[in-house]
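Here is a sequence with its predicted model. Questions after.
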Amino acid sequence: MTIRPTACFAIAAMCCLHAAGASAATISVGAPIVLAPDLFVVPVTIAGGTNVAAWQFDLIYDPLDLQVHTACDPFSGDVYCSLFTGPVTEGEFFASGSPFNVLNPGFVSLDPATLAQTGLLFGVNGAFGGSPPAPSGDGVLAYVEFLKVGRGPSDVTLDNPVVTEIPPEVSVPEPGTLALLATGVLLARSRRFRRTSPMKCFS
């Protein structure tokens, strides 16, 4: 039997973070931040986090009304567009770990025939890269920029939220190692990855 490198990494990550119990924290979509009549940003927030090492979520939207703004320009003064992660940018919750945090902007699902967006941004995840303890409380995990292309309701809904918390009595690895391991756990837990489906990433 052949074990893929990704699976090995995820197994090792889960062994290192085995003591992280079920989280009472909640992830939700916040009120939109309007940048222009056809452009807005969705903040994805966390509430009740305790020593949060990592997080993950997917977003579902109507592709006839909204598009993840993959063509955003980081040189235009748009603070919600990154040269490296495009329309997905890090929130303030992990600010104390900057610039060593890990942010994976996820993938935009595309129709295999037309390469049009299908209404799913999946696998967005982040991991804390600073010194312990990791952040607790409430805050913004990430911002996602959308372009309005229709006239319907502009609802964006959350799916597959995951929060990884480290109990305070657990001895944790070095910050950089912890960030990579936590990201491995989140990627292993993602239920949306389909190897056969076209997708667009931002790296």
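Thanks, I have it.

from here on, contacts and neighbour counts on C-alpha atoms
Fine.

isn't Val42 right next to Ile33, touching?
Yes - judged on Cα atoms under 8 Å, Val42 makes contact with Ile33 at a distance of 6.4 Å.

and the two? which has more neighbours close in?
Val42 (19 against 13; other Cα atoms under 10 Å).

hang on, the more buried one in a strand?
Yes - membership of Val42 in a strand is supported by DSSP: H, G, I helix; E, B strand; the rest coil.

Quick one: residues contacting it.
Contacts of Val42 were listed using Cα atoms under 8 Å, 6 or more residues apart in numbering, and they are 29-33, 143-146, 156.

beta partners of it?
Beta-bridge partners of Val42, counted by DSSP bridges, are Val144.

Please apply the same query to the one 5 residues further on.
With DSSP bridges applied, Ala47 shows beta-bridge pairing to Thr26.

quick one: least confident helix or strand in the chain?
Using mean pLDDT, DSSP states H and E, the weakest-scoring helix or strand in the chain turns out to be helix 5-16, at a mean of 38.

Distance check, Val162 against Cys81.
Look at Val162 and Cys81: by Cα to Cα, to the nearest Å, they are 24 Å apart.

Neighbour count for the two, which is higher?
The residue with more neighbours, out of Val162 and Cys81, is Cys81; 23 against 20, by other Cα under 10 Å.
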